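Novice: take a look and give me a structure for this.
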Amino acid sequence: MGRTLMALVLLAAVTQAQVGVLPISQSQPVAMDPTVFAQPVVEVFPRYTALRRGTEEKVLLAASLNSTARSWTAIYWAAPMPGNGPLAATELKIEPLEGFSIGAIEYPKSQTVALRPDEEPVHVLGPGSIDLHLKVRADRTAALGDHVLKGKLKFQSLTRDGNSAPQELEFSIPIRVVEHGAVVAKNPRYHQDLTPMQITGVVLLIPLAIPFAIIAALTGWDGC
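Specialist: Numbering: from 1, shown residues only. From the prediction side, this is the model:
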């Protein structure tokens, strides 16, 4: 009799627990996947080794995401455009500095990606590293010597497993100002963006260009 009574009490307790517990989707939102946390690194590449007074030059900011996400997971940046709902758009800001002016910031071309089957597609940059370009102008009265422009990069990383919280990274752009007539050298690490289609075109044209160049050299053809 005692065993039967104990079994009935346990059955009632289990039944009550099952009724009182809701599925995760009904009781609380699923927590963000911690593996998608990403801290970017911003590398700065001025087009020239120095900026002459009264001139404007481009600066390349190469931003890459160092993440603990699984190696096969593509990591995107939320694009700086409307239509992404609550996602924090990638935004680059440069603090004002006397003697300098900042031109329009050039973001890479965005694409539309459906990160998860049950969600609407979103506008993203990437995946992986992105190049941001901006123009810096030194006034004719800018002080000669070394200066530092301070910037902030706001972003939110996105993957198919989940999204990071909105983040912000501070960085610096070193600028050396020289006289207007000074000779400055190009920075070999500065590069312009090439689209995947342009890169493919270059790769496909190389095998054709080599024999053509050899024939032109042998025949003395100068293109006329």
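Novice: need the pLDDT of residue 74.
Specialist: Note on residue 74: pLDDT of 80.
Novice: quick one: contacts for the nearest residue to residue 111 once chain neighbours are set aside?
Specialist: Excluding the flanking residues, the one nearest residue 111 by C-beta to C-beta, 6 or more residues apart in numbering is residue 124, at 6.2 Å. All C-beta spots, glycine's among them, are computed from the backbone N, C-alpha and C. Applying C-beta atoms under 8 Å, 6 or more residues apart in numbering to residue 124 gives the contacts 76, 77, 78, 79, 110, 111, 112, 113, 158.
Novice: tell me how far residue 124 lies from residue 77.
Specialist: 6 Å (C-beta to C-beta, to the nearest Å).
Novice: so what sits against both of these two?
Specialist: residue 158.
Novice: average pLDDT for stretch 143-155?
Specialist: The average of the pLDDT scores along stretch 143-155 is 96.
Novice: list the buried ones in it?
Specialist: 147, 149, 151, 153, 154, 155 (16 or more other C-beta atoms under 10 Å).
Novice: narrow these to those in strands?
Specialist: Counting by DSSP state E, the part of the buried residues of stretch 143-155 found in strands is 147, 149, 151, 153, 154, 155.
Novice: so which of these comes closest to residue 53?
Specialist: Residue 53 has its nearest neighbour among these in residue 147, at 12.0 Å by C-beta to C-beta.
Novice: name whatever forms a beta bridge with that closest one.
Specialist: When assigned by DSSP bridges, residue 147 has beta-bridge partners residue 175.
Novice: before we move on, the earlier item: what helix or strand does the residue nearest to residue 111 sit in?
Specialist: strand 122-125 (DSSP states H and E).
Novice: which one of the ones in strands among the buried residues of stretch 143-155 is nearest residue 84?
Specialist: Within those, proximity to residue 84 (C-beta to C-beta) peaks at residue 155, which comes in at 12.3 Å.
Novice: that closest one contacts residue 90, doesn't it?
Specialist: Yes: Residue 155 lies in contact with residue 90 (C-beta atoms under 8 Å); the separation is 4.6 Å.
Novice: list residues touching both of these two?
Specialist: Joint contacts of residue 155 and residue 90 (C-beta under 8 Å, 6+ apart) are 77, 78.
Novice: show me the shaky parts of this protein.
Specialist: Along the chain, the parts satisfying pLDDT under 70 run over 1-39, 66-72, 192-224.
Novice: where exactly do the strands run in this protein?
Specialist: Ranges of strands within the chain are 38-46, 51-52, 56-67, 76-78, 91-94, 100-102, 111-113, 122-125, 130-138, 145-155, 157-158, 167-178, based on DSSP E.
Novice: which helices and strands does the first one pack with?
Specialist: Yep, that's strand 38-46 we're talking about. If you count contacts as 3 or more C-beta pairs under 8 Å, 6 or more residues apart in numbering; DSSP states H and E, strand 38-46 packs onto strand 56-67, strand 145-155, strand 167-178.
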